[in-house]
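Asker: quick one: sequence and predicted model below, then my questions.
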Amino acid sequence: MTETRDYVMAVLRRSREPMEPRGFHPDWGDKPWRHKVFDDVVRIPLPPGTQRTGPVGAVLEPSPAVEPGFTLDTLSDLLLNSYGLLARRLALTGNEDSHVLPWFAYAATGRGTASGGGLYPVEIYWAAGPSAPVPAGLYHYASQHHAMERLLAGDVTARVREAVGIEADQFLLLSVKFWKNAFKYNSFSYHVVTTDIGTLLGSWNMYARSSGLPLRASLWFAEPNLNELLGLRTEAESVFAVVPLPWSGPPATAGSGPALGSPTVARAERERSLHVITFPQIERVHLETVHSAPPSGSAGDAAPATPTRPATVTLPPPDPERLDLDLGDALRARRSSFGAFSAVPPMTATELSGVLAVAAAGRILPVDGSGPLTRLAVFVNHVEGVPSGVYDYDPDAGTLGLVESGSPGRFLQDTYFLDNYNLEQAAAVLAVVGRPDAVLDTLGDRGYRVLNAEVGAAAQATYIGAVAAGVGCGAIFGFDNVAIRERLCGADTDEWPLLLILLGHERRGVPEFDSRLV
């Protein structure tokens, strides 16, 4: 048993045996900033987001390539629509913090990508080489300013190429700063942040598909080398994904600058929290994934089996007009339906079909060594034309295979930890199912990150599919995985439900304030 395997099992069984440290309470007054802060940096504003993308439906059938690579405008749109600040929203919800959100100190802003815990722990860096439209160097994306902050001048792409083994002269590096989630979720946070990488890559994958742009990510590389380049302490923040950036825009007129041999960012961020707490279990698991050996087998060996239950419901095809919604508009409209679900009116089978199709296609990331490593199932409460029950979903046939008949609403609510959602009022609850043990056996310890990235991509694609269908959506981790597994998969299988995603119409007439920032 490895630390990673022990950790995964502890996460999945935490409803029956709480994880350490027990009795932990967040210090909300000492929480970290929502954004990284660097003093005295050169900041280069990015163009405003004005580009139209393609339709949401392109995730099902990617648009043909229209450009050989990115331009500054398309890169700006990619970052703004996925991780930039898009709206200031206020509403009466089931969350405990609703009463403080009107105050400036607690103000929350909407983004196109979902994040577990809400503080968005992924940091984006741009290694800009000779073809870049800015002077060569290493930049940090400041989402609060929608600008690039220069941390290092000079061409560092040779060092990135050496670490990743991919030929390109521009890269986006995605790191995770653990404290931005651990302050709230303590040792459970590593499970959450590994899905955050997937939600962001899921947004980028959908953007690339809809825009006809090439985009592929790497999750296997010499991670310590890139952490050293960025001046990061691996136990506190670490690079989880690298995205080579094909470029077709004009290069900078000022020249690319010298290539640097062994550069390291010396500039440190300013930390708001006076007391940054570390969790030894997270550090041990993370270091194990960092130094994980390359995979010994194919990801396909760890994939869940294709559902074999006979189709009992054939879903209608998705509404093509709904899938014509511009992806950028869908990202800007994405939000979580905290406590707002209503069984009246019920979802239609066409709405459910559209969301499931987008979720199934969008969960598969273009990354090295990836799956699909998951499958989808659905608990149906209130869907017109679909009897209440538990179903496996077959995306190729567009059918549901009955696992168990009868309303699952009360059972679902009894398995949920928190009070901010009423699962019985959700029209349907989507389950993302995977085989964690098989993934670890086949891909090694870093395979845990690969699996969770796909889970995150599934969540993000479901949010976007829900926006296109005109229904609400909310993803939850806080449920009894053991109970859901027994009902959905059976106790004698190695499959586990890893995430639940609620779908349905929302109550009408709820006061809401939505101020668009872009």
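Answerer: Now that the structure is in, tell me what you want to look at.
Asker: which residue is the nearest non-sequential neighbour of Ser98?
Answerer: Nearest residue to Ser98, sequence neighbours excluded (C-beta to C-beta, 6 or more residues apart in numbering): Leu92, at 6.2 Å. All C-beta atoms are positioned from the backbone trio N, CA, C, and that covers glycine.
Asker: so what's that neighbour up against?
Answerer: Listed by C-beta atoms under 8 Å, 6 or more residues apart in numbering, the contact partners of Leu92 are 98, 510-512.
Asker: now swap in Phe411 and tell me
Answerer: Taking C-beta under 8 Å, 6+ apart, one finds 483, 487 in contact with Phe411.
Asker: where does this protein have low pLDDT?
Answerer: For the chain, the stretches with pLDDT under 70 are 1, 50-51, 62-67, 96-97, 99, 104-105, 253-261, 369-370.
Asker: residues contacting the residue most central in space within it?
Answerer: Note on the chain: the residue nearest the mean C-alpha position is Thr199, at 1.4 Å, using C-alpha atoms, centre = their mean. Thr199 sits next to 113-115, 456-457, 459-460 when contact means C-beta under 8 Å, 6+ apart.
Asker: repeat for Glu288
Answerer: Contacts of Glu288 (C-beta under 8 Å, 6+ apart): 2-4, 445.
Asker: and those, which two are furthest apart?
Answerer: Farthest pair in those (C-beta to C-beta) is Glu3 and Asp445. Separation: 8.0 Å.
Asker: between those two, point out the one with more neighbours.
Answerer: Asp445 (23 against 17; other C-beta atoms under 10 Å).
Asker: tell me if I'm right that that one and Asp6 touch.
Answerer: No: Asp445 lies out of contact with Asp6 (C-beta atoms under 8 Å); the separation is 11.1 Å.
Asker: mind listing what the spatially closest residue to Glu223 that is not a sequence neighbour touches?
Answerer: Of all residues not flanking Glu223 in the chain, Val290 sits nearest, at 5.0 Å (C-beta to C-beta, 6+ apart). When contacts are counted by C-beta under 8 Å, 6+ apart, Val290 touches 223-224, 234, 238, 446.
Asker: repeat for Arg332
Answerer: 81, 86-87, 112, 516, 518.
Asker: give me the buried entries from those.
Answerer: For those, a burial check counting by 16 or more other C-beta atoms under 10 Å picks out 81, 86-87, 112.
Asker: just put the contacts of Val290 in TSV and tack on distance to Ile364.
Answerer: Below are those laid out as TSV (distance: C-beta to C-beta, whole Å):
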residue	distance to Ile364
Glu223	24
Pro224	29
Thr234	29
Ser238	25
Arg446	18
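Asker: okay, helices next: where are they in the protein?
Answerer: 3-12, 72-83, 157-164, 179-185, 189-211, 223-230, 280-290, 320-323, 327-333, 349-362, 409-415, 436-443, 447-469, 481-488 (DSSP state H).
Asker: contacts only, for Ala360.
Answerer: 376, 393, 395.
Asker: let me know the closest of the residues you listed to Gly300.
Answerer: Nearest to Gly300 among these, with distances taken as C-beta to C-beta, is Pro395, at 16.3 Å.
Asker: show the backbone phi and psi for that closest one.
Answerer: The phi and psi values for Pro395, taken as degrees, to the nearest 10, are phi -70, psi -30.
Asker: count the neighbours of it for me.
Answerer: Neighbours around Pro395, by other C-beta under 10 Å: 16.
Asker: from Phe417, how far off is it?
Answerer: 29 Å (C-beta to C-beta, to the nearest Å).
Asker: repeat that for Ser175.
Answerer: In terms of C-beta to C-beta, Ser175 sits 29 Å off from Phe417.
Asker: try Ile166
Answerer: The gap separating Ile166 from Phe417 is 41 Å, by C-beta to C-beta.
Asker: once you drop chain neighbours, what's closest to Leu459?
Answerer: No Leu there; residue 459 is Ala. Ala475 (4.5 Å).
Asker: and the closest residue to Thr462 other than its chain neighbours, how far is that from Asp368?
Answerer: Of all residues not flanking Thr462 in the chain, Ala359 sits nearest, at 4.2 Å (C-beta to C-beta, 6+ apart). Going from Ala359 to Asp368 by C-beta to C-beta gives 23 Å.
Asker: more neighbours, those two?
Answerer: Each of Ala359 and Asp368 has its neighbours counted (other C-beta under 10 Å); Ala359 has more, 29 against 18.
Asker: ok, now which ones touch that one?
Answerer: 376, 430, 458, 461-462, 465, 501.
Asker: can you do 10 Å?
Answerer: 59, 376, 378, 393, 395, 430, 432, 457-466, 473, 501, 503 (C-beta atoms under 10 Å, 6 or more residues apart in numbering).
Asker: how many neighbouring residues does Val510 have?
Answerer: 12.
Asker: that one and Gly94 touch, don't they?
Answerer: No: using C-beta atoms under 10 Å, Val510 is not in contact with Gly94; the gap is 11.0 Å.
Asker: need the overlap of contacts for these two.
Answerer: What both Val510 and Gly94 touch, as defined by C-beta under 10 Å, 6+ apart, is the set 339-340.
Asker: grab the nearest non-local neighbour of Pro318.
Answerer: Gly354 (3.5 Å).
Asker: do the same with Tyr125
Answerer: Leu173 (4.3 Å).
Asker: which of the contacts of Glu288 sits closest to Gly401?
Answerer: So of the contacts of Glu288, ranked by how close each gets to Gly401 (C-beta to C-beta), first place is Thr4, at 32.4 Å.
Asker: rewinding a little: show the contacting residues for the residue nearest to Ala459.
Answerer: 114, 116, 195, 199, 336, 430, 432, 455-456, 458-460, 462-463, 499-502.
Asker: Leu352 versus Lys470, what's the distance?
Answerer: Lys isn't right for residue 470; it's Gly. Applying C-beta to C-beta to Gly470 and Leu352 gives a distance of 12 Å.
Asker: so for the two, which residue has more residues nearby?
Answerer: Taking other C-beta under 10 Å, Gly470 and Leu352 do not tie; Leu352 has more neighbours (31 against 14).
Asker: these two touch, right, the more buried one and Ala426?
Answerer: No: look at Leu352 against Ala426 with C-beta under 10 Å: they stay out of range, at 11.6 Å.
Asker: could you tell me which residues touch both of the two?
Answerer: Contact criterion C-beta under 10 Å, 6+ apart; residues shared by Leu352 and Ala426: 380, 471, 503-504.
Asker: out of the residues you listed, list just those in strands.
Answerer: Judged by DSSP state E, strands contain the following of these: 380, 503-504.
Asker: nearest to Pro250 among the residues you listed?
Answerer: Leu503 (44.1 Å).
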